[in-house]
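Asker: model this:
(one chain, ligands or ions: 1)
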Amino acid sequence: MASYLRSWLAIPTATVAQPQSDPDSPTTPTKAPEFTFTEPQIDDDELLDEDDVAPAFPAPNSAQRAAGSSAPSLLPPSTLMPPPPLPGPRRPGPPAPSSNSLMPPPTTTKAPKSAKKSGKVALAPGHSPLDWAALKSSGTDLRGGLTGLLRIPPSVLKMHNKPDDAWSAFQGKVYNITPYLDFHPGGRRELLRVAGRDGTNLFAKTHAWVNVDFMLDECLVGFLVSEPSS
Ligand code: HEM
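Answerer: Okay, the predicted model is just below:
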């Protein structure tokens, strides 16, 4: 096969017909060279190359050939390959823990020493974050009766420092935190620490990742302004 392809890829033999040079007649037009394509001679035997030869069957080293038969046949068991050995008994593994084999390895039973105690409190039933979200979107007044937003100086903020009337400022915005007290995952006491004052720093130290603007948007009462000069 390969030699057949080679013969096709080879440049065909070209015979160039030389123009008849006649020195006496210079006006004779010069003929263009003629190309003659010579078809390659393919020997029939060449068409069958080693690539085309089918693999021997049965394979030269097979049991069938050893038995002297060209077709598969039922051979006496003595001529067949022996079956693979059966898996033996399992090798003994590492020794089982002495106390209870169902216990996890001792390395995972101890709590990590560096784990910080969570400051979260158990919220009363009906005070989950989902309940807070539901309350916010219920249309209930969470601003303590205010209809507009106020300009609130620190002296006014200070006056709202009781659990039933608690305001706190976070990043320049003043919120009525009273309705949120029982919903705060960190507990009422923690949140009341910032009642009547700016809680921005304490908030950022505790959980900067919490979105206060979103959590308390319905509790916004106004904006923190500097004390008016008298
Ligand atoms: C009014 C603004 C506040 C909102 C909306 C708020 C909201 C939250 C939220 C959503 C969590 C749960 C955080 C989490 O699961 O990762 C939380 C936890 C907590 N908050 Fe607040 N918080 C506020 C103010 C404060 C302030 C001012 C303090 C501190 C004085 C505080 C102390 C805590 C503590 C200690 C936790 C528990 C953190 C933990 O150990 O997981 N929070 N708060």
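Asker: Show me where the chain dips below the pLDDT cut-off.
Answerer: Scanning the chain for pLDDT under 70 picks out 1-33, 39-51, 68-74, 96-101, 106, 108-112.
Asker: Could I get the full set of helices for it?
Answerer: According to DSSP state H, the chain carries its helices in the segments 2-9, 44-47, 63-66, 129-136, 154-158, 188-192, 200-207, 212-215.
Asker: list the buried ones in the third one?
Answerer: The reference is to helix 63-66. residue 64 (16 or more other C-beta atoms under 10 Å). The C-beta positions use only the backbone N, C-alpha and C, and glycine is treated the same way.
Asker: Who are the contact partners of the nearest residue to residue 216 once chain neighbours are set aside?
Answerer: Using C-beta to C-beta, 6 or more residues apart in numbering and skipping the chain neighbours, the partner closest in space to residue 216 is residue 175 (4.5 Å). With contacts defined as C-beta atoms under 8 Å, 6 or more residues apart in numbering, the neighbours of residue 175 are 167, 168, 169, 212, 216, 219, 220, 221.
Asker: just to revisit the earlier point, out of the helices of the chain, deepest packed?
Answerer: Comparing these by mean neighbour count (mean count of other C-beta atoms under 10 Å), helix 188-192 comes out on top with a mean of 16.
Asker: who's in contact with that one?
Answerer: So helix 188-192 is in contact with 119, 163, 166, 168, 177, 180, 181, 182, 184, 206, going by C-beta under 8 Å, 6+ apart.
Asker: and it with the ligand, contact?
Answerer: Yes - counting by C-beta under 6 Å from any ligand atom, the ligand has neighbours in helix 188-192: 190, 191.
Asker: The chain should start at 267 in everything you say after this.
Answerer: Sounds good: first residue 267 from here, last item helix 454-458.
Asker: how about that helix as PDB, C-alpha atoms only?
Answerer: Listed in PDB are the C-alpha atoms of helix 454-458, where the atom choice follows Å, rounded to 0.1, in the frame of the first residue of the first chain:
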ATOM      1  CA  ARG A 454     -30.400  42.800  74.000                       C
ATOM      2  CA  ARG A 455     -27.600  43.700  76.400                       C
ATOM      3  CA  GLU A 456     -24.900  44.000  73.800                       C
ATOM      4  CA  LEU A 457     -27.100  46.200  71.600                       C
ATOM      5  CA  LEU A 458     -28.100  48.400  74.500                       C
END
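Asker: so how many other residues sit close to the residue in the chain that the ligand sits nearest to?
Answerer: Here the residue of the chain nearest the ligand is residue 452; by C-beta to the nearest ligand atom that distance is 2.5 Å. Applying other C-beta atoms under 10 Å, we find 15 residues neighbouring residue 452.
Asker: now it, nearest residue through space, not along the chain?
Answerer: residue 385 (5.5 Å).
Asker: Go ahead and confirm the one you found touches residue 450.
Answerer: No - assessed by C-beta atoms under 8 Å, residue 385 is found out of contact with residue 450, at 10.7 Å.
Asker: If you count surrounding residues, which of those two has more?
Answerer: Set side by side, residue 385 and residue 450 show more neighbours around residue 450, with 20 against 11, by other C-beta under 10 Å.
Asker: separation between the closest residue in space to that one that isn't next to it in sequence and residue 350?
Answerer: Counting by C-beta to C-beta, 6+ apart, residue 450 lies nearest to residue 457, which is 4.6 Å off, once chain neighbours are set aside. Shown here: residue 457 relative to residue 350, a distance of 72 Å by C-beta to C-beta, to the nearest Å.
Asker: residue ranges of the strands in the chain, please?
Answerer: 416-418, 427-428, 431-436, 439-442, 463-464, 486-490 (DSSP state E).
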